[in-house]
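Asks: A predicted structure for the sequence below; I have some questions about it.
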Amino acid sequence: MNQNVRNVGIMAHIDAGKTTATERMLFYTGVNNRIGEVDDGAATMDWMEEEKERGITITAAATTCFWNDHRINIIDTPGHIDFTIEVGRSLRVLDGAVALFSAVEGVEPQSETVWRQADRYGVPRIGFVNKMDRPGADFPRCIAMIQEILKTNPLVLQLPIKEGDEFLGVVDIIAGKAVLYDKDRFGYEYSLCGIPAHMAAEVHAARERMMETLSEVDDDFMLRFLEGDEIGEGEIKRVIRKGTLSGNILPVLCGSAFKNKGIQPLLDAIVDYLPSPQDISPHNCWTEDGEEKTLVGTKDEKFSGLVFKIMNDPFVGHLTYIRIYSGELRTGGTVLNTSKLKTERIGRIMRLHANKREEIKKVEAGDICAIVGLKGVSTGDTLADPDMHISFEAIEVPAPVVSCAIAPKKKDDLKKMWLVFNKYTVEDPSLTVRLDSETGEVILSGMGELHLEIIMDRAKREHNLEMLSSPPQVAYREAITRHTTGTGKYIKQSGGRGQYGHVVLQVSPHEGAGFIFENKIVGGAIPREYISSIEAGIKETLEKGIAYGYPLIDIKVELLDGSFHEVDSSELAFKLAGSIGVKDAIAKANPVLLEPVMKVDINVPGEFLGSVISDISSRRGRIAEIGDRNDFKSILAYLPLDEMFGYTTRLRSVTQGRGYYSMEFFHYAPVPQHIYENILKNRDKNQTEVLYG
């Protein structure tokens, strides 16, 4: 495997400068001959029309560049919570990440969210404090927030050089040199010179802290440092790399991507401190028998890879993004989709550069590429050599929290609508589309209002599909509050062979479990071949909802007893018996309606704090914490999602356009009685309108 490869992601809160930083990397590595700006819609990585219009990243874009004889595969991820799956599935296949922070705002809510996602996958990181040119930029405060909020150990490698509010360059603490950028627009020219006299004491203290921190990472380094030995730059960088790969430290640099300052040292840090594919091997996988296995991750092993993204390209068609974990993949070869047990032939292999493609003949362990034309593949599928039946850990898909009813403006477009939106759900597993069997409506569900808005906009632009939609609706859930048993019998006699199935079930609440099914049949009361049919019947019924028509969660169902008929029993009879039995049990289990509650981080100028708190209370919100964030007040609150629709407009109105917020799903909670009555009343009214017009 090539040690000179880096697979990295750029992750941060929305508007921290991820795309701007990536554009500078492409410029300085020679991929682009001009700098693309987000604000003028010319950013290479934000290539979708919806991204250009809104000035935000929606889809994770991949690109390849070269620096100091290393190939760097970069994925620029979105910062908006509605597109959190793009971050999660990118981090699942990346070896390292650059965490960007705004020098003005510091650690923001979505910074925490993506940090937790990186923690989940054990991704080594380096930090970059961006926007040092902005008024209010505070580097020490940002470092303190990183340590306090993210519970990590920041290792400061650079200090900013400022003259008033003007950001001139940085001090490289390892080299003991100042890096000053000429005032040309492109930041190509910079000079190395002595440390400014007024910063000498600050730099000395920072270097001492750096050396003490590194002493905790490596025992040999500690001995040399304590004995006063001269330690060279190469040795310091070796220990920084060791601490970064183990997750014990977070090397932090600073700069201003927009002003073209600090990007070349960031590229150096990516090469010096973030892992190569070889550094993060071996890779864990599982055989078809469920046994854990490891792959060293070399090109000499048999091929294996993980599908982490599906995309439809208007020029080349169906694109499947793959991270190669072992072996080689060549054009014309055959692979096994071990998740679906289907073979696929490899057509064209592409190296990625945002929405541009470079066709190549082969890829090997450690590479990220796209393959054209694979048919039955989904996000999270494992592809492997036909002789190697293994699977990697799948990608976690968040459950949708917002829904709306959709319909085409032209009735003739109904079939086209299903085709288009099914295609989008393959690309984005956090999006679902289904037919409501009770109302006859087509329901589109996603991660937020913006998520649904973007999808509708894409349908119009890409497929000329004009859509009608209802206002977004909350994705409610049902749950039970006590243990009960229920009986399900399905008996049918109508001449010839009949149908017979009989089950006894126990249901109990099981918070956080989703759905658990346990077979407790002993003595063969029900033959084993019917058990899976019973489970399927129960599962389908729970997904449709029982008491209120919403999916049922956090429930454990135990199959206690039952009986069968040697002639009349069948899989269908027991599936229907399972459905009848679980309905009977849940009707007696005191079912309740649950609503999604969001964790909301609101930032407002101090003079508007009272108005904002009053508005939160009127929305059934619970305030957990009020703090200071620069000149703003930060409010951490928990609000029902149903109360958050249109909140952006309201917050801007209350704060004269200066307030902003972000939110993420927190948990499901029971709906208060008066709200519950309104929900059912509105639901009955909507169903009546659908039935009778």
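Replies: The structure has been received and is ready for your questions.

Asks: Can you tell me the SS state at Phe101?
Replies: Counting by DSSP: H, G, I helix; E, B strand; the rest coil, the backbone at Phe101 sits in strand.

Asks: Need the pLDDT of the residue nearest to it when sequence neighbours are not counted.
Replies: Distances taken as CB to CB, 6 or more residues apart in numbering place Val129 nearest to Phe101, at 5.2 Å, with adjacent residues excluded. (C-beta placed from N, C-alpha, C; glycine too.) On pLDDT, Val129 comes in at 95.

Asks: Name all residues that make contact with Val129.
Replies: Phe101, Ser102, Ala103, Phe139, Cys142, Ile143, Val252, Leu253, Cys254, Gly255 (CB atoms under 8 Å, 6 or more residues apart in numbering).

Asks: That one bridge partners, please.
Replies: Phe101, Cys254 (DSSP bridges).

Asks: so where's the stretch 151-300 of the chain shaky on pLDDT?
Replies: Along the stretch 151-300 of the chain, segments meeting pLDDT under 70 span 183-188.

Asks: all helices for it, in order.
Replies: With DSSP state H, counting those that start in this stretch applied, the stretch 151-300 of the chain shows helices at 200-215, 219-226, 233-246, 263-273, listed in chain order.

Asks: List of residues touching the longest one?
Replies: Spelled out, that is helix 200-215. Residues outside helix 200-215 that contact it (CB under 8 Å, 6+ apart): 153, 155-157, 159, 171, 173-174, 176, 195, 221-222, 225-226, 231, 236, 239-240, 243, 249.

Asks: mind redoing it with 10 Å?
Replies: Contact partners of helix 200-215, identified using CB atoms under 10 Å, 6 or more residues apart in numbering, comprise 140, 153-159, 171-174, 176, 178, 194-196, 199, 221-226, 231, 235-236, 238-240, 242-243, 248-249, 251.

Asks: and Asp457, that one's in a strand?
Replies: No - inclusion of Asp457 in a strand is not indicated when three-state DSSP is applied; the result is helix.

Asks: Quickly compare the helices of the stretch 151-300 of the chain and say which is most buried.
Replies: helix 263-273 (a mean of 20; mean count of other CB atoms under 10 Å).

Asks: Measure how that one sits relative to helix 233-246, angle-wise.
Replies: With axes from the mean of the first three to the mean of the last three CA atoms, to 10 degrees as the basis, helix 263-273 and helix 233-246 are set at 70 degrees to each other.

Asks: Alpha carbons of helix 263-273, in CSV - could you do that?
Replies: Coordinates of each C-alpha in helix 263-273 appear next as CSV, following Å, rounded to 0.1, in the frame of the first residue of the first chain:
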residue,chain,number,x,y,z
ILE,A,263,-3.1,27.1,3.5
GLN,A,264,0.3,25.8,2.5
PRO,A,265,1.3,24.9,6.2
LEU,A,266,-2.1,23.2,6.5
LEU,A,267,-1.3,21.0,3.5
ASP,A,268,2.1,20.3,5.1
ALA,A,269,0.3,19.3,8.3
ILE,A,270,-2.0,16.9,6.4
VAL,A,271,1.0,15.2,4.9
ASP,A,272,3.0,15.2,8.1
TYR,A,273,0.5,14.3,10.8
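
Asks: Look up how far Ile516 lies from Thr655.
Replies: Thr655 sits 46 Å away from Ile516, going by CB to CB, to the nearest Å.

Asks: For the two, indicate the residue with more neighbours.
Replies: Higher neighbour count among Thr655 and Ile516: Thr655, with 20 against 12, using other CB atoms under 10 Å.

Asks: Wait, that one touches Ile635, no?
Replies: No - in this structure Thr655 lies outside contact range of Ile635 using CB atoms under 10 Å: 11.5 Å.

Asks: Need the overlap of contacts for the two.
Replies: Ile602, Asn603, Val604, Leu609, Val612.

Asks: export those to CSV and tack on neighbour count?
Replies: Converted to CSV, the shared contacts of Thr655 and Ile635 look like this (neighbours: other CB atoms under 10 Å):
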residue, neighbour count
Ile602, 28
Asn603, 22
Val604, 23
Leu609, 17
Val612, 23
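
Asks: which pair in these spans the largest distance?
Replies: Between any two of these, the greatest separation by CB to CB is 10.7 Å, found for Asn603 and Leu609.

Asks: list the residues that contact both of those two?
Replies: Counting by CB under 10 Å, 6+ apart, the shared contacts of Asn603 and Leu609 are Phe632, Lys633, Ile635, Thr655, Gly659.

Asks: of all these, which two lie farthest apart?
Replies: Largest separation among these by CB to CB: Ile635 and Thr655, giving 11.5 Å.

Asks: Lowest mean pLDDT among the helices and strands of this structure, which one is it?
Replies: Within the chain, no helix or strand scores below helix 49-54, which has a mean of 41 by mean pLDDT, DSSP states H and E.

Asks: which element follows that helix toward the C-terminus?
Replies: Once helix 49-54 ends, the next helix or strand along the chain (criterion: DSSP states H and E) is strand 61-67.

Asks: angle of the helix or strand following that next one against helix 263-273?
Replies: Sequence order places strand 70-76 as the next helix or strand after strand 61-67, per DSSP H and E. Relative orientation of strand 70-76 versus helix 263-273 (the same axes, to 10 degrees): 110 degrees.

Asks: between strand 70-76 and strand 61-67, what angle do the directions make?
Replies: 150 degrees.

Asks: Name every strand pairing with strand 70-76 and say which way it goes.
Replies: strand 5-11 (parallel), strand 61-67 (antiparallel).

Asks: just so I know, which of these lies nearest Glu148?
Replies: Closest to Glu148 of these is strand 5-11 (CB to CB; 19.4 Å).

Asks: how much distance is there from the helix or strand just after that closest one to the middle of the chain?
Replies: Next helix or strand after strand 5-11 toward the C-terminus (DSSP H and E): helix 18-28. Distance of helix 18-28 from its chain centroid, counting by CA atoms, centre = their mean, to the nearest Å, is 22 Å.

Asks: Which other helices and strands does helix 18-28 contact?
Replies: strand 5-11, strand 61-67, strand 70-76, strand 96-102, strand 125-130, helix 263-273 (3 or more CB pairs under 10 Å, 6 or more residues apart in numbering; DSSP states H and E).

Asks: okay, these in CSV with distance to Gly581 next?
Replies: As requested, those are exported to CSV (distance: least, CB to CB, whole Å):
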stretch, distance to Gly581
strand 5-11, 47
strand 61-67, 49
strand 70-76, 48
strand 96-102, 48
strand 125-130, 50
helix 263-273, 58
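
Asks: helix/strand/coil for Ala589?
Replies: What three-state DSSP gives for Ala589 is coil.

Asks: Disregarding residues adjacent in the polypeptide, which is nearest to it?
Replies: Ile480 (3.8 Å).

Asks: got it, and Leu159?
Replies: In this structure, Leu159 finds its nearest non-sequential neighbour in Val171, 4.5 Å apart by CB to CB, 6+ apart.

Asks: From Leu336, how far off is that neighbour?
Replies: Distance, Val171 to Leu336, using CB to CB: 54 Å.

Asks: okay, the two: which has more neighbours?
Replies: Neighbour totals were compared for Val171 and Leu336, and Val171 leads with 25 against 21 (other CB under 10 Å).

Asks: now for the longest strand along the chain, which elements pack on it?
Replies: Determined from DSSP state E, the single longest strand within the chain is strand 592-605. Judged by 3+ CB pairs under 10 Å, 6+ apart, strand 592-605 is in contact with helix 109-120, strand 477-479, helix 609-618, strand 622-629, strand 632-640, helix 647-654, strand 660-670, helix 673-692.

Asks: I appreciate the help and will end here.
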